[in-house]
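# sharing a model prediction with you, sequence too.
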Amino acid sequence: MSRFVVHRLWQGVIVVFCVVVVVFVLTRLIGDPVRVMLPLEATADQRALFEAQLGLDRPIWEQFLVFVGDAVALDFGDSLWQRRPAMEIIAERLPATLILTFSAIGLAVVVAVPLGILAALKPEGLFDRVVVLVSLIGLSVPQFWLGLLFIVLFAVQLGWLPTSGRGGVEHVILPALTLAIPAMTRIIMVVRSTMMDELNRQYVKTLRAKGLLEWQVVGVHALRNAAVPVLTLCGWELIRALSGYTVVVETVFAWPGLGLTAIQAIERQDLILLQAIVFVTAIIVVAVNLILDIVYKAIDPRIELKAA
Amino acid sequence: MMSNWLTAAVCAAALVTVPMAAHAQDIVIAIGSEPTTLDPHAADDGGEKAVNDNVYETLMTRDADGNLDLGLAADWPMQIDPTTWEFTLRPGIRFHNGEPLNAEAVVFSVERMIDPDLNSEQLSYYSTLAGAEAVDELTVRILTSGPDPILPARMYYFMIAPPGASTHEDFAEAPVGTGPYRFVSWDRGSEIVLEANPDYWGDVPAIDGVTYRFIEESGTRLSALLAGEVDLITNLLPEFMEQVPQAASQRGLEHPIVILNADDGVTADVRVRQALNYAIDKEAMAAVLFEGAAQVEQGQLLGPTYFGFNPAITAYPYDPELARTLLEDAGALGEEITLVSTAGRWLKDREVTEVVAGFWQAAGMDVDVQIYEFDEYLTRLFDRETRAEAIFVVSGNELLDADRSFSAYYSMDGFGASNSFTELRDWIDQARTETDLPRRQALYHEAVAFAHEQAIMAWLLNINNIWGMSARLQWQPRVDGKMFVSTMSVTE
């Protein structure tokens, strides 16, 4: 177990390193932050001075060595755009994204798992058909549009909730719902199909023949066996949301999270901030994966956590 | 743990709702982007200006139409020699922290702005600034590297900061100015709060407090206004002017243009360039694309109140037949013309480009529209070697003086020019340092007429700034787009 964790951590370090190297090279090959940041009317001299101040006039390998040296110490330097440490900005924004994603995925799971199970109990029944239809709609609706629709309906027309911004619990409801809906529909589909598979298996017939109550058969035995693929999906949804799928929702709801910050950093060609965001996101993804692996083991003891 | 979190959330909810109900004379303004910093000298950033314009003040100011006026300066500045401007300050003004506004503060601010360590993004507005020296407590001389007739106009953007507070570590987060509002708090990502300065030297403002919220998405800003959460929103899209309680639209500083290549390609023929101007129905563009919230640009890249505006020159009228005849004479009918543009950077940039292409196509050109991501687009805009026949760009002129736009897009040495007219460049270079105002004006009039005759670009529109306002807010917007809260009031 502990060997496994150490091994996976080591793998994680390599993954994070690779991701950061790719981002470092790409951002420097593609854009020119000086051009984007200064007014169009700035002179060539002003641009050159600005570039030198940022250290962007040095050769790329030299920039890279400086960058790696600092990154080891978790110092990513000052954001070009905000002129303060990139890590400080991330520390401000990450909690908002975590609150949003965990509420959204939590909501998705709580709603989707019971619905998926109920649908699986009577395949092709009325309930099943309605659930499948609604899920397909939920999956096809663009999040951007859905978010604006929620705002117009619940904030402007009904006046129940605030349109946007960060504040109390009421501020998190609409963005979390918007973020949750596509995840919810995907989880419903997977719960439904895996539960259908499980319920058709021999052991279920045996359990029923033994006279177990239906809720025990479905809710304990079948669900436990269906849990691993469902959990994999939930983990994937969490990672997906954390690693940038919050961008749209955070923009629509003016939610000051990391996704919004990432898109702003890209627009302003803020290489330093972007690198730091990618670094932190990569670490979160690796960590979530590791935790999931350990949870699998807890659910299904047959799964072996091997180091190789 | 859980209950702690809940308590915190409930308290936060209470905090958010209280300010809206407590004070009728408090307003909320939604701006499109959060300030990156509140240091008045570091960034070139709309969000920072929106807030700091109310906290800081400048030596010179402008009236709502854009005419230069006195700010912290007690009297009009005097140019005592070609590179020295002398300002006298109003007496008895103090910064919000009690520091006096004096010559020393101005000297300090100038030196701070040009300090290479600050690496200010604003330097392009103050390229001639060389230093400053205090004469006495209220008299200060600003030195320029060469003769600079528009230094007073530059001083409209130059915020005066107190020497003491500016050296504090938190100066970029907690601004200290002399303005009618003083800084209260900044909750990063959420809001900035200002309150009226009771010791303000001028008229005490009607609004007691203002909260700025940052909402990037224009649909969400509109919703926040419609839901009654905010009183004023910036950059309302023209198509929503009917939906809001009040819309205010005022000629702004942005001029969309298409630079035409006078050196190479089919546009090297002046008849073709003129034809491309005649071919565009600018009035229809203003009426349909911008719902009337735009004016036809009078063929000079300048608004009527800018220094250098030539009232004798007007826009090329829409004359598709004349355009076709000119193209025919030039043998250019059916020739290909490349139109380079970008999308999502300026209001309706893609739409304007496509409409222009449509008019040119109708006139008989074969238009190849190339829309690039902004960085890639800039590569093409800055590339002087291989220039497209036509490049769409939006020129903003914050100094309201011909020099800024002309140096960039008219003069052959400018980054965005596509011509080699030495006489045009010479006029612009002369005017830049000409301190005799009538002579300077005459130089620009000549440049405007020449550029218009040569049709070095297709002048399109002067876009209005549009604000959405709640029913209770009373405010007359300004040509420079600045949102001075001291000029607002609410009815109730």
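Thanks, I have it. Computed from a predicted structure; not experimentally measured.

# number of nearby residues for the closest residue in space to A:Q143 that isn't next to it in sequence?
The shortest distance from A:Q143 to any non-neighbouring residue, by Cβ to Cβ, 6 or more residues apart in numbering or on different chains, is to A:V248 (4.9 Å). Quick note: C-beta positions are derived from backbone N, CA and C, even for glycine. Neighbourhood size, A:V248 [other Cβ atoms under 10 Å in any protein chain shown]: 21.

# ok, now which ones touch A:V248?
A:Q143, A:F144, A:G147, A:G259 (Cβ atoms under 8 Å, 6 or more residues apart in numbering or on different chains).

# show me the residues you listed that map onto helices.
Using DSSP state H, A:Q143, A:F144, A:G147, A:G259 are the members of the contacts of A:V248 that sit in helices.

# could you redo the residues you listed as TSV and give each row pLDDT?
Formatted as TSV, the ones in helices among the contacts of A:V248 follow (pLDDT from 0 to 100):
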residue	pLDDT
A:Q143	86
A:F144	86
A:G147	89
A:G259	87
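
# of the residues you listed, buried ones?
A:Q143, A:G147, A:G259 (16 or more other Cβ atoms under 10 Å in any protein chain shown).

# list the contacts of B:L301.
Counting by Cβ under 8 Å, 6+ apart, B:L301 touches B:H255, B:I257, B:S395, B:N397, B:A402, B:S405, B:F406, B:Y409, B:Y410, B:M457, B:W459.

# per-residue confidence for the first one?
The one in question is B:H255. On pLDDT, B:H255 comes in at 94.

# what element comes up after the helix or strand it falls within heading to the C-terminus?
Per DSSP states H and E, B:H255 falls inside strand B:246-260. Next along the chain after strand B:246-260, taking DSSP H and E as the criterion, comes helix B:270-278.

# contacts for the next helix or strand after that next one?
Of the helices and strands lying after helix B:270-278 in sequence (DSSP H and E), the nearest is helix B:282-288. Applying Cβ under 8 Å, 6+ apart, the contact partners of helix B:282-288 are B:G292, B:A293, B:A294, B:Q295, B:V296, B:E297, B:A315, B:Y318, B:V352, B:V355, B:L460, B:L461.

# list the buried ones in helix B:282-288?
Within helix B:282-288, the residues that qualify as buried are B:K282, B:E283, B:M285, B:A286, counting by 16+ other Cβ under 10 Å.

# check stretch A:132-146 too.
Using 16+ other Cβ under 10 Å as the burial criterion, the residues of stretch A:132-146 that qualify are A:V132, A:S135, A:G138, A:Q143, A:L146.

# and those residues, which two are the farthest apart?
A:V132 and A:Q143 (20.5 Å; Cβ to Cβ).

# can you tell me the SS state at the closest residue to A:L271 other than its chain neighbours?
In space, and not counting its chain neighbours, A:L271 is closest to A:T27: 4.6 Å by Cβ to Cβ, 6+ apart. When classified by DSSP: H, G, I helix; E, B strand; the rest coil, A:T27 comes out as helix.

# A:T27 contacts A:L274, doesn't it?
Yes - if you go by Cβ atoms under 8 Å, A:T27 and A:L274 touch, sitting 6.1 Å apart.

# comparing these two, which shows the higher neighbour count?
Between A:T27 and A:L274, counting by other Cβ under 10 Å, A:L274 is the more crowded of the two (27 against 19).

# which strands and helices sit next to the helix or strand where that one lies?
Per DSSP H and E, A:L274 falls inside helix A:271-299. If contacts are counted by 3 or more Cβ pairs under 8 Å, 6 or more residues apart in numbering or on different chains; DSSP states H and E, helix A:271-299 sits against helix A:2-30, helix A:60-72, helix A:86-121, helix A:223-240, helix A:258-267.

# buried deepest among the ones you listed, which one?
Stretch with highest mean neighbour count among the helices and strands packed on helix A:271-299: helix A:258-267 (a mean of 23; mean count of other Cβ atoms under 10 Å in any protein chain shown).

# the stretch 351-492 of chain B: helices as residue ranges?
Counting by DSSP state H, counting those that start in this stretch, the segments of the stretch 351-492 of chain B that form helices are B:374-382, B:402-409, B:422-433, B:437-454.

# starting at the chain centroid, how far to the second one?
Relative to the centre of its chain, helix B:402-409 is centred 14 Å away, using Cα atoms, centre = their mean, to the nearest Å.

# check stretch B:338-345 too.
20 Å.

# before we move on, what about stretch A:149-169?
With Cα atoms, centre = their mean, you get 23 Å for stretch A:149-169.

# what's the answer for stretch A:15-27, then?
Taking mean C-alpha positions (Cα atoms, centre = their mean), stretch A:15-27 and its chain are 19 Å apart.

# again, but for stretch B:335-343
26 Å.

# does chain A have contacts with that stretch?
No - contact of stretch B:335-343 with chain A (Cβ under 8 Å from any Cβ of the partner chain) is absent, the minimum separation being 11.6 Å.

# only the buried residues of that stretch, if you could.
B:E335, B:I337, B:T338, B:L339, B:V340, B:S341, B:T342, B:A343.

# those residues in strands, which ones?
B:I337, B:T338, B:L339, B:V340, B:S341, B:T342 (DSSP state E).

# residues contacting the residue sitting nearest the centre point of chain B?
The centroid of chain B falls nearest to B:E398 when counting by Cα atoms, centre = their mean (4.3 Å). Counting by Cβ under 8 Å, 6+ apart, B:E398 makes contact with B:Y125, B:Y157, B:L253, B:R404, B:D480.

# so the first one versus chain A, what's the distance?
This means B:Y125. Noted for B:Y125: a distance of 8 Å to chain A, by Cβ to the nearest Cβ, to the nearest Å.

# backbone phi and psi for that residue, please?
Phi and psi for B:Y125, reported as degrees, to the nearest 10, are phi -80, psi -20.

# that one and A:L118, how far apart?
According to Cβ to Cβ, to the nearest Å, B:Y125 stands 65 Å off from A:L118.

# equivalent analysis for the last one, please.
Counting by Cβ to Cβ, the separation of B:D480 from A:L118 is 62 Å.

# before we move on, what about the third one?
For B:L253, the distance to A:L118 under the criterion Cβ to Cβ works out to 60 Å.

# what number of residues lie near the closest residue to chain A within the stretch 51-200 of chain B?
At 2.6 Å from chain A, B:G189 is the closest residue in the stretch 51-200 of chain B, using Cβ to the nearest Cβ. Residues within reach of B:G189, counting by other Cβ under 10 Å, total 19.

# contacting residues for the closest residue to it other than its chain neighbours?
Nearest residue to B:G189 in three dimensions, chain neighbours excluded: A:P256, at 2.6 Å (Cβ to Cβ, 6+ apart). By Cβ under 8 Å, 6+ apart, the contact list for A:P256 reads A:E92, A:R93, A:A96, A:R166, A:E250, B:E34, B:R188, B:G189, B:S190, B:F214.

# in helices only, show me those residues.
Cross-referencing these against helices under DSSP H gives A:E92, A:R93, A:A96, A:E250.

# now name the helix or strand holding A:M184.
Take DSSP H and E as the rule and A:M184 turns out to sit in helix A:169-199.

# give me the angle between that helix and helix A:86-121.
Relative orientation of helix A:169-199 and helix A:86-121, computed by axes from the mean of the first three to the mean of the last three Cα atoms, to 10 degrees: 40 degrees.

# just the buried residues of the helix or strand that helix A:169-199 is followed by, please?
Once the chain leaves helix A:169-199, the next helix or strand it forms, by DSSP H and E, is helix A:202-209. By neighbour count on 16+ other Cβ under 10 Å, the buried set for helix A:202-209 is A:V204, A:L207.

# and helix A:202-209, how far from the chain's centre?
Relative to where its chain is centred, helix A:202-209 has its mean C-alpha point 39 Å off (Cα atoms, centre = their mean).
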